[in-house]
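# A structural model of the following input is requested.
(one chain, ligands or ions: 1)
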Amino acid sequence: GAPETRTPTGAATGAPVVANGQQGAFLTTAQGARLRDTDHSLKAGPRGPTLLQDHHLREKITHFDHERIPERVVHARGAGAHGVFTGYGAQEVTRAGFLRKGKETPVFVRFSTVLGSRGSADTVRDTRGFATKFYTDEGTFDLVGNNMPVFFIQDAIKFPDIIHAGKPHPDREIPQAQSAHDTFWDFVSLHTEAQHHTMWNMSDRGIPRSYRTMEGFGVHTFRLVNAAGATVLAKFHWKPKLGVHSLEWEEAQLLSGIDPDFHRRDLYDAIEAGAYPEWELGLQVFPDTPEETFAGIDLLDPTKIVPEELAPVQPVGKLVLNRTPTNFFAETEQVAFHLGHLVPGIDVTNDPLLQGRLFSYVDTQLTRLGGPNFSQIPINRPHAPVNDMLRDGFHQHAVHAGVAPYRPNSLDGGNPFPAGDAENAFVDVPVTVAEAPKVRANPASFDDHFSQARLFWLSMSPVEREHIVRAYTFELGKCYHQAIRERQLQCLANIDPVLCAQVATGLGLPTPEPTVPLADVAPSPALSQLGRTWPAD
Ligand code: HEM
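Residues are numbered from 1 along each chain as shown. Prediction:
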C-alpha cells in the first residue's frame, strides 16, 4: 500500500512559527476552565488557613516555581532577531542551496557575550557570539561564530579550563563579566596560544558599539563541496553594512551602569524603527590540499587568521534582520545552535577545536532544554520536512504514525525511505585520514603562539594601539598577583617590545626581554577597523 504519512516534527511551510500562547478573552486554568478569581486563595474563612484543595493556587504557584531553566554554560547573556538571508550565488565552491543567486532563506540570529551571566551588562570587555540559524529548504544550517576570527585555545579539551579561568572566581564570584581578574590572566599567560585572541579582546573589538557594527567569523576552516564533488577549504565572514565601530572604554564602563541593556535595546529599537541591520556573508576560499595550509598558515589552527590581503573575502549573500522576537524566552533563550547542523555542500575539517564543539552543543542542550526533543521547540524546528526515526523521550510533541521506525521495513510501506535521490543528500566528503599513531599531540605548526598577535598589533593605527595599551594596563592592574602580571608582560615582550614597554610603564614594572625571536610578519591593513567600509570600495 501507499506509505503512511508521518507527522513531521518540523513546520514544512517555511513560515515563521509563532506558538499560540493566549487563545481567548477569558482567564482560564491550564486546562481551559474559566476562572472567576485569581487574586484570593481558597481559605477556611477569610482569616483561616489556605486549603490544599485550591487547585488553581497550586497550579499557578507550581508552574511559577518551575519557570527558570539553566542559563547557557557560556554565552548566557544574549539578544536575538529574525531576518532573511539572500544568496548571491556560490555554486563553483558549494552546492548549498541557500547560497544560490536570489534564494531567500529565513534566519534567526543570537548575539551574546561569552562570560557574563544571563543578567550581566552588555558593554563589558569580552568576545561576542554571532550565531545564525538558517532555516534552509535542505535542513537547518547553523553558523555558530564570534565577532573575533580566532579562539583562545587550539583543542576543545581545554575549553572547560579556559572557561573556568574566565568565569568569576569560585570563591567570591567576582568579577561577574570582565577579563580583569587573576585566573583569566593566569590562564592566558600559561597557555600562550591564547595571546592572539587576548589581544583582540584588549583591542576595540572587545567593546563593540552595537551588535549592528560587529563583524562575525566562523573561525574554523570548513570544507565546501560543489555539485561535481570538488572541494575547497573556506572561512566564513560576516561584514556589517554600517562598518565596524566600537565604544571608548570609558563609554563602555559608564553604559554598564547607566544602561546595562545597551546592546539589547539598540538591536531591538533599530529593528522596530525600521533601521534593519545588514551584513554580507563572505568566504575566504583556499585550495583543498593535503597539507591544509595556505601561505604557510595552518588552516586547522583556530588561533590563526589568513590576512585578507592574501585571501580576499568574496561576498556570497546578504543578511537583513527585520523582526524582533515575540517572546524572549521562547525564541532567544530556547534557540539551540549546533555546529553539526550542516547542509549538503558544507562539511567540517579536522580542526581539533571544531571536532570537540561537534560534541558539546547537543550535550549541553540535553540538560539546558530538558531532554532529547528540543528540536521540536518552535524556534528550533527545521523548515524542511522532517522524517527521522527518533522516537519518544521527555517533551515529545510529535504524534508519530506508523509502527516501524526502522529501515528497511515491510510494514510501513518502506517509509522512511532512503535518500533515493542521493544527489540532494548530505555527503560526508571521503577525506583520506592519515595513517598515523594514536597520540595526544598537536601538529608542530600549533607551537607558534606569538607571530599573529604581533601581526595584529603591527596592523593597528596609532589610536587603536593606544587603546590596546590602556586596556592591558587597566585589566592587568586589577590582578592581585604580581607574578601573573609579570608573566603576562613576558608574553607581551615576545609579541612586541614597544607594546610591552608601554604596558610595563603603566603598571610600574620593569620591561622584560623577549625569550623568543620576534616574528618577521607584514602588517595587514585590513585588520584595522578604522576607515573600513563594506563592500570594500
Ligand atoms: C555557546 C561560539 C568554542 C561550547 C556558544 C555560542 C556561540 C559560540 C556564538 C552561543 C550560542 C547561542 O547564542 O545560543 C563559539 C566559537 C567557538 C566556540 C566561535 C570557537 C571557535 C567552543 C568550544 C566548546 C563550546 C571549544 C566546547 C568544547 C559551547 C557551549 C555553548 C556554547 C556548551 C552553550 C550552548 C547552549 O547552551 O545552547 N558558542 N564557541 N564552544 N559553546 Fe561555543
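# Which positions in the stretch 1-150 of the chain make contact with the ligand?
Neighbours of the ligand within the stretch 1-150 of the chain, by CB under 6 Å from any ligand atom: 72-75, 78, 110, 112, 129, 131, 144-146. Glycine gets a C-beta too; all of them are placed from N, C-alpha and C.
# Try it again at 5 Å.
Selection of the stretch 1-150 of the chain residues close to the ligand by CB under 5 Å from any ligand atom yields 72-75, 110, 112, 129, 131, 144-146.
# Buried only: go through those residues for me.
Among these, the ones that count as buried by 16 or more other CB atoms under 10 Å are 72, 74-75, 110, 112, 129, 131, 144-146.
# Secondary structure and pLDDT for these - can I get that in CSV?
Shown next, in CSV, are those (DSSP: H, G, I helix; E, B strand; the rest coil; pLDDT from 0 to 100):
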residue, secondary structure, pLDDT
Arg72, coil, 98
Val74, coil, 98
His75, coil, 98
Arg110, strand, 99
Ser112, strand, 98
Gly129, strand, 98
Ala131, strand, 99
Val144, strand, 98
Gly145, strand, 98
Asn146, strand, 98
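# Widest-spaced pair of those residues?
Pairwise distances across those (CB to CB) peak at 15.7 Å, for the pair Arg72 and Gly145.
# so what's Gln488 up against?
Under the criterion of CB atoms under 8 Å, 6 or more residues apart in numbering, the neighbours of Gln488 are 185, 188-189, 472, 476.
# now Gly45
Residues counted as contacts of Gly45 (CB under 8 Å, 6+ apart): none.
# how near is it to the ligand?
Separation of Gly45 from the ligand (CB to the nearest ligand atom, to the nearest Å): 49 Å.
# pLDDT value on that residue, please?
If you check Gly45, the pLDDT there is 98.
# tell me the mean pLDDT over stretch 459-471?
Across stretch 459-471, pLDDT averages out at 97.
# so where is the protein shaky, pLDDT-wise?
1-20, 177-180, 418-423, 531-537 (pLDDT under 70).
# now the helices for the protein?
Assigned helices in the chain, in chain order: 55-65, 159-166, 182-190, 195-202, 249-258, 262-272, 352-368, 451-459, 462-477, 482-495, 497-507 (criterion: DSSP state H).
# Most tightly packed of those?
For the helices of the chain, the largest average neighbour count (mean count of other CB atoms under 10 Å) is found in helix 195-202, namely a mean of 25.
# And that helix, what does it pack against?
Helix 195-202 sits against helix 451-459, helix 462-477, helix 482-495, with contacts defined as 3 or more CB pairs under 8 Å, 6 or more residues apart in numbering; DSSP states H and E.
# a markdown table for those, including distance to Glu280?
What follows is the helices and strands packed on helix 195-202, written out as a markdown table (distance: least, CB to CB, whole Å):
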| stretch | distance to Glu280 |
| --- | --- |
| helix 451-459 | 22 |
| helix 462-477 | 23 |
| helix 482-495 | 32 |
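# now those in TSV, with distance to the ligand?
Output for these, formatted as TSV (distance: least, CB to the nearest ligand atom, whole Å):
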stretch	distance to the ligand
helix 451-459	15
helix 462-477	21
helix 482-495	21
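# nearest to His383, of those helices?
Smallest distance to His383 across the helices and strands packed on helix 195-202 (CB to CB): 38.9 Å, for helix 451-459.
# How about residues contacting the closest one?
Helix 451-459 is contacted by residues 150, 195-196, 198-200, 203, 303-305, 307, 465, 468, 495-496, 499, 518-519, 521-528 when judged by CB under 8 Å, 6+ apart.
# and Tyr480, how many neighbours does it have?
The number of residues packed around Tyr480, counting by other CB atoms under 10 Å, is 9.
# residue contacts, it?
By CB under 8 Å, 6+ apart, the contact list for Tyr480 reads Asp182.
# State the distance from it to Val469.
Tyr480 is 22 Å from Val469, where distance means CB to CB, to the nearest Å.
# Likewise for Glu435?
The spacing between Glu435 and Val469, counted by CB to CB, is 49 Å.
# what's the answer for Phe152, then?
From Phe152 across to Val469, the span is 21 Å (CB to CB).
# Over to Cys491?
Separation of Cys491 from Val469 (CB to CB): 14 Å.
# Could you do Trp279 as well?
In terms of CB to CB, Trp279 sits 30 Å off from Val469.
# out of everything not next to it in sequence, what's closest to Val316?
Nearest residue to Val316 in three dimensions, chain neighbours excluded: Ala90, at 4.3 Å (CB to CB, 6 or more residues apart in numbering).
# what sits against the one you found?
96, 99-100, 283, 316-317.
# run the last query once more with 10 Å
96, 98-101, 224, 226, 234, 281, 283, 285, 314-317, 345 (CB atoms under 10 Å, 6 or more residues apart in numbering).
# Filter the residues you listed down to the buried ones, PyMOL style.
Filtering these down to the buried ones (16+ other CB under 10 Å) takes a single PyMOL command:
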select buried, resi 96+98+99+100+224+226+234+281+283+285+314+315+316+317+345
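# Pick the one among the contacts of Ala90 closest to Asn424.
Using CB to CB, Gly345 comes nearest to Asn424 of those, at 10.4 Å.
# Chain neighbours aside, what residue packs nearest to the closest residue to the ligand within the chain?
For the chain, the residue closest to the ligand is Gly129, as judged by CB to the nearest ligand atom, at 2.7 Å. Take Gly129 and drop its neighbours on the chain: the residue closest to it by CB to CB, 6+ apart is Ser112, 3.8 Å away.
# how far away is that neighbour from Ser120?
Applying CB to CB, the value for Ser112 to Ser120 is 11 Å.
# got it, and Gln502?
Going from Gln502 to Ser120 by CB to CB gives 30 Å.
# before we move on, what about Val306?
33 Å.
# One more: Gly508?
Gly508 is 31 Å from Ser120, by CB to CB.
# can you check Lys167 too?
As judged by CB to CB, Lys167 and Ser120 stand 11 Å apart.
# Could I get the contacting residues of His82?
His82 touches 16, 106-109, 133, 135, 271, 321-326, 331, 379, counting by CB under 10 Å, 6+ apart.
# List the beta-bridge partners for it.
The bridge-partner assignment for His82, based on DSSP bridges, gives Phe108, Arg323.
# Could you count how many residues lie near the closest residue to His449 other than its chain neighbours?
Once flanking residues are discounted, His449 sits nearest to Thr192: 4.2 Å by CB to CB, 6+ apart. When counting by other CB under 10 Å, one arrives at 21 neighbours for Thr192.
# so Thr192 makes contact with Phe446?
No - using CB atoms under 10 Å as the test, Thr192 is too far from Phe446 to be in contact (11.3 Å).
# Now do the shared contacts for these two.
Taking CB under 10 Å, 6+ apart as the criterion, Thr192 and Phe446 both touch Thr303.
# how much space between His55 and Ala44?
When His55 is compared with Ala44 (using CB to CB), they lie 16 Å apart.
# what's Leu42 in contact with, if anything?
Leu42 makes contact with 48, 50-57, according to CB under 10 Å, 6+ apart.
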